[in-house]
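Asks: Test case, fold it:
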Amino acid sequence: MPGGKRIKIIIDGREVETEAGTLLIKAAEDAGIYIPRFCYHEGLRPDGNCRMCLVEIEGLRKPVPSCMTPVKEGMIVRTNTPALQEHRKKVLEFILTSHPMDCPICDQAGECVLQDYYFDYDLEDRRYLEDRERKPKRVYWGKNLIYDAERCILCRRCVRFLDNVTGTRELGVFERGIHSYIGLFDGKKIENDYSGNLVDICPVGAITDLDFRFKMRVWFLDRTPSICPFCARGCNIEIHTNTDRLRNRFSSQRVFRIKPRKNQDVNGWWICDEGRYSYKFIDEGRILHPMSNGRKITWEAAGKKLREIIGNEIRVYLSAWMSNEELIYWKRLADLLQWKVSLVKRPDGDEDKLLRVKDKNPNTTGAKILGIKEERGNEEVSVVFHFPEFAPEQRIKIGIFTNEFPDMEGWELILPAAVFAEKEGHWTNFQGKIQKFQKALEPLGEAMDEGRIGEFFAGAFGIELPWDRQEMEREFLKEYKKWSGS
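Replies: As a prediction, the model looks like this:
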């Protein structure tokens, strides 16, 4: 347990302080000493079946699996002796007797630990001359999962994830010895809301993702840390993108996949499938230019239309998808212009005991801190962010949206907004944690982030209020401290 007794051990000649009871493989990793592994994953119950992580402990006759061995005071450990290197080489040779040499067409190439370890420890020609064991290929497991049993090294990570994390238990190990394979129990498909994590935890290319399969080599992908916007938990993610037209010449797709990013205080190692597969709105169906009653106009013409509404009663419906900085900027602008402010957000949805929460918006808490409430008004003009379905049926409707929607011709003015992957800022999750998302892409078309659109509004109405994200961040932190009592 955190905060337990601290002890000291020696690993490869270095004194390491760790917590009593910590697994040796974890204690070494925390000290910057990496021990090779296949079956071990920090978020899963240890299994000890691959034997890749064996280490030598002074006083013991034989090497022991570091993923199953708790540390003890004064333990002296060696992780990379010539004997251990030879052992790992033999483990790899045994695995590769039946593993297909199809790295050039495998989606896992470039991220495959078997491939990495081969270069680290083996680099030998194959000595096994008998025919390889033939096993099922391209087996559909459900949702986006494809299983290739010939690539599988039987680490059982997928089985343990479904047993211990989701509790849905769709998979098991069938047959014995060289004939063993991972399979679905009769009558089952993998349809739980966390299925995509099986692709992440597979150390080789045995489980691949139909959504990503054969679309892009992983070494051509840029990785940007970000936050998932699809519920108030704010799971930490990476956005994997490619905008190199030489590598991506036949598609307008820029985002190729979303991966989880470890954060023990928020989402651990996982994300749900909604957060993983709902990224396509970033590239598809985007509003690229200012629009008026369904027709494309210039930003100059949009400013003229804004000036025409001066003198009317106006209510601004800010969105729970806006960043902390954008919310406080727009609240300040509305106060200067004496506009009323309300909040709009996605309706509540399903939740579970793992990650998903009922609130399907990333920044409801940020709006709450600023006192922005869900209210309706009957003002003559409505300025609505992100959710056109919440616009009151007033005579004049102005929208700041990212994606196209039906009945766009019914809006007096629509301005194109950048999606979260095209800007940076902070959201405050349901736990009150402020988390940063970073810019992965340039905005499409003429889209701008909501702060710059706010500055455009201010200029149209003769208000001097520059958009300074860092200043707005500092202003929000003052409000956060009042709210949290810190």
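
Asks: In stretch 365-381, which residues are buried?
Replies: Neighbour-count burial for stretch 365-381 flags 365, 366, 367, 369, 370, 372, 379, 381 (criterion: 16 or more other C-beta atoms under 10 Å). Where you see a C-beta, it was placed from the backbone N, CA and C, and this is true even at glycine.

Asks: distance between the ends of it?
Replies: With C-alpha to C-alpha, to the nearest Å as the measure, the ends of stretch 365-381 fall 27 Å from one another.

Asks: Can you name the residues in contact with it?
Replies: 232, 309, 312-315, 318, 320, 322-324, 327-328, 331, 340-345, 392, 394-398, 426-430, 432, 476, 479-480, 483 (C-beta atoms under 8 Å, 6 or more residues apart in numbering).

Asks: now residue 175: how far from residue 160?
Replies: Going from residue 175 to residue 160 by C-beta to C-beta, to the nearest Å gives 19 Å.

Asks: ok, those two, which is more surrounded?
Replies: Neighbour tally, residue 175 and residue 160, criterion other C-beta atoms under 10 Å: the higher count belongs to residue 160, 19 against 10.

Asks: Tell me the secondary structure at that one.
Replies: Following DSSP: H, G, I helix; E, B strand; the rest coil, the label given to residue 160 is helix.

Asks: cool, residue 55 as well?
Replies: Under three-state DSSP, the three-state class of residue 55 is strand.

Asks: List the contacts of it.
Replies: The neighbours of residue 55, taking C-beta under 8 Å, 6+ apart as the test, are 24, 35, 63, 64, 66, 69, 77, 78, 79, 84.

Asks: Strands of the stretch 1-150 of the chain, start to end?
Replies: Along the stretch 1-150 of the chain, the stretches classed as strands by DSSP state E, counting those that start in this stretch are 6-11, 14-19, 54-57, 64-65, 76-78, 139-142, 145-147.

Asks: Packing partners of the fourth one?
Replies: Which is strand 64-65. Helices and strands touching strand 64-65, by 3 or more C-beta pairs under 8 Å, 6 or more residues apart in numbering; DSSP states H and E, are strand 54-57.

Asks: Mind listing the strands the strand it packs on pairs with, and their directions?
Replies: strand 64-65 (antiparallel), strand 76-78 (antiparallel) (DSSP bridges).

Asks: looking at those strands, which is buried most?
Replies: Ranked by mean neighbour count, these are led by strand 64-65 with a mean of 20 (mean count of other C-beta atoms under 10 Å).

Asks: show me where the stretch 101-250 of the chain has helices.
Replies: Taking DSSP state H, counting those that start in this stretch as the criterion, the stretch 101-250 of the chain contains helices spanning 113-117, 157-160, 197-201.

Asks: about what we covered before: out of the strands paired with strand 54-57, which is closest to residue 181?
Replies: Comparison of the strands paired with strand 54-57 against residue 181 by C-beta to C-beta identifies strand 64-65 as nearest, at 23.2 Å.

Asks: ok, back up a step: now list the buried members of the contacts of stretch 365-381.
Replies: Burial by neighbour count, 16+ other C-beta under 10 Å: within the contacts of stretch 365-381 this picks out 232, 309, 314-315, 318, 320, 322-324, 327-328, 331, 341-345, 394, 396-398, 426-430, 476, 479-480, 483.

Asks: rewinding a little: make CSV from the helices of the stretch 101-250 of the chain and add mean pLDDT and distance to residue 351 to it.
Replies: Below are those laid out as CSV (pLDDT from 0 to 100; distance: least, C-beta to C-beta, whole Å):
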stretch, mean pLDDT, distance to residue 351
helix 113-117, 92, 34
helix 157-160, 97, 24
helix 197-201, 97, 18
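
Asks: Switch those helices over to TSV; also include distance to residue 4.
Replies: Listed next are the helices of the stretch 101-250 of the chain as TSV, based on distance: least, C-beta to C-beta, whole Å:
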stretch	distance to residue 4
helix 113-117	30
helix 157-160	25
helix 197-201	27
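
Asks: got any ranges where the stretch 201-350 of the chain has weak pLDDT?
Replies: 250 (pLDDT under 70).

Asks: you'd agree residue 169 is up against residue 162?
Replies: Yes. If you go by C-beta atoms under 8 Å, residue 169 and residue 162 touch, sitting 5.6 Å apart.

Asks: Which one's more surrounded, these two?
Replies: Shown here are residue 169 and residue 162; by other C-beta under 10 Å, residue 162 has more neighbours (22 against 13).

Asks: quick one, what contacts the more buried one?
Replies: By C-beta under 8 Å, 6+ apart, residue 162 lies in contact with 168, 169, 170, 171, 190, 192, 198.

Asks: Let's check: the centremost residue of the protein is which one?
Replies: What sits nearest the mean C-alpha location of the chain, by C-alpha atoms, centre = their mean, is residue 237, with 2.3 Å.

Asks: where's that residue relative to residue 64, distance?
Replies: Remark: distance between residue 237 and residue 64 (C-beta to C-beta) = 36 Å.

Asks: again with residue 101
Replies: 32 Å.

Asks: same check, this time on residue 93
Replies: Plainly put, residue 93 is 21 Å away from residue 64 if you go by C-beta to C-beta.

Asks: before we move on, what about residue 386?
Replies: Relative to residue 64, and taking C-beta to C-beta, residue 386 is found at 55 Å.

Asks: Thanks a lot, see you next time.
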